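Enquirer: Below is the structure, and that's it, no one-letter string:
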């Protein structure tokens with residue numbers, strides 16, 4: 001019934017925002033860490049985005065959490081999805097091309113489906129979902145396979161990104177099962193603010209302040225990620241969560257990596273080898289199978305894989 005209240009043009013505009021803004025955010029992140037230390041830059045981005053989202057929530061009359069349990073949920077999500085996923089991912093992007101990072105991040109959807117089958121409240125994996133998970137991880141293997149000789153350093157950074165995707169998936173499963181009563185906008189803002197503060201503290205611990213310098217281009221990248229990827233992207237996704245079907249909502253998981261690969265090629269001159277292109281195709285097919293095979297319920301609390309960008 002809530003579908004009928006949606007404005008078609010707003011649904012299309014929200015889809016375009018999620019596809020284009022999140023799809024291009026990997027290239028913007030790559031540009032950002034080319035000039036700025038990663039943890040401090042990411043910390044600034046999420047602190048700013050968290051404050052802006054909380055201001056919007058305040059304007060809508062939504063209050064901050066009052067229960068300790070709700071703050072604990074925000075803290076856990078800030079650790080898993082802002083620090084463990086976004087922070088670690090942007091740190092590794094100093095050594096990995098943005099298009100490869102985006103495609104590796106598509107494995108987050110595979111991890112979520114796999115982890116969602118565990119525990120007393122887990123769901124059974126259908127044949128379609130199981131096939132998609134297997135195909136997806138085969139594609140990941142092809143994507144990380146070296147084409148010019150094995151380099152443990154490069155392979156290690158790719159594994160770091162996969163670990164960041166696993167952290168995102170753990171946070172997503174936690175959020176789905178936490179049954180938080182905090183409004184989504186407030187929860188998102190507090191989570192970003194907590195995670196941004198933790199990332200900033202990590203930046204000072206790792207002496208990143210000595211490498212910080214104000215540069216118009218890199219600061220523009222921070223602002224672009226803060227306003228576009230975090231604020232507009234999250235708002236658009238929340239609207240889609242409320243007014244669209246899970247099948248349409250899940251399309252971001254395989255559309256965004258394809259857009260990221262295209263933007264990385266056009267803007268950063270990033271190329272991919274033949275077997276990596278095959279791996280990309282296999283990953284996307286695997287994610288599509290997982291999306292089609294998932295049950296049509298339980299998507300309204302799924303958080304998007306944006307923070308990894």
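Expert: Thanks, I have it. From a predicted model like this one, the values you see are computed outputs, not experimental measurements.

Enquirer: Toward the C-terminus, what is the element adjacent to the single longest helix found in the chain?
Expert: In terms of residue count, the longest helix belonging to the chain (DSSP state H) is helix 152-178. For helix 152-178, the following helix or strand on the C-terminal side (DSSP states H and E) is helix 184-205.

Enquirer: What segments of the stretch 201-309 of the chain are helices?
Expert: Listed in chain order, the helices of the stretch 201-309 of the chain (DSSP state H, counting those that start in this stretch) span residues 216-224, 233-243, 246-249, 252-268, 274-293.

Enquirer: Can you list the low-confidence ranges for the protein?
Expert: Counting by pLDDT under 70, the chain contains low-confidence residues at 1-6, 119-123, 143-154, 238, 241-242, 245-251, 272, 275-276, 291, 294-309.

Enquirer: hang on, the earlier thing: buried stuff in the longest helix of the chain?
Expert: Burial within helix 152-178, assessed by neighbour count using 16 or more other Cβ atoms under 10 Å, is assigned to 154, 157-158, 160-162, 164-176, 178. Every C-beta, even on glycine, is put in place using the N, C-alpha and C of the backbone.

Enquirer: Also compute the angle for that helix relative to helix 184-205, please.
Expert: For helix 152-178 and helix 184-205, the angle between their directions (axes from the mean of the first three to the mean of the last three Cα atoms, to 10 degrees) works out to 150 degrees.

Enquirer: which helices and strands does helix 152-178 pack with?
Expert: With contacts defined as 3 or more Cβ pairs under 8 Å, 6 or more residues apart in numbering; DSSP states H and E, helix 152-178 has these neighbours: helix 68-77, helix 88-92, helix 98-105, helix 107-115, helix 127-144.

Enquirer: Could you export those helices as a markdown table, including mean neighbour count?
Expert: A markdown table is the format used below for these (neighbours: other Cβ atoms under 10 Å):
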| stretch | mean neighbour count |
| --- | --- |
| helix 68-77 | 17 |
| helix 88-92 | 24 |
| helix 98-105 | 27 |
| helix 107-115 | 24 |
| helix 127-144 | 19 |
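
Enquirer: who wins for proximity to residue 218 among those helices?
Expert: Comparing those by their distance to residue 218 (Cβ to Cβ), the top pick is helix 88-92, with 12.6 Å.

Enquirer: ok, residues contacting that closest one?
Expert: Taking contacts as Cβ atoms under 8 Å, 6 or more residues apart in numbering, the residues outside helix 88-92 that touch it are 29, 32-33, 38-39, 41-42, 101, 105, 157-158, 160-161, 163-165, 167, 308-309.

Enquirer: swap the cut-off to 6 Å and go again
Expert: Outside helix 88-92, the residues within contact range by Cβ atoms under 6 Å, 6 or more residues apart in numbering are 29, 33, 38, 42, 157, 160-161, 164, 308.

Enquirer: What is the most widely separated pair among those?
Expert: Considering Cβ to Cβ, no two members of the contacts of helix 88-92 lie farther apart than 42 and 157, which are separated by 16.4 Å.

Enquirer: and residue 19, how many neighbours does it have?
Expert: Applying the criterion other Cβ atoms under 10 Å, we find 18 residues in the vicinity of residue 19.
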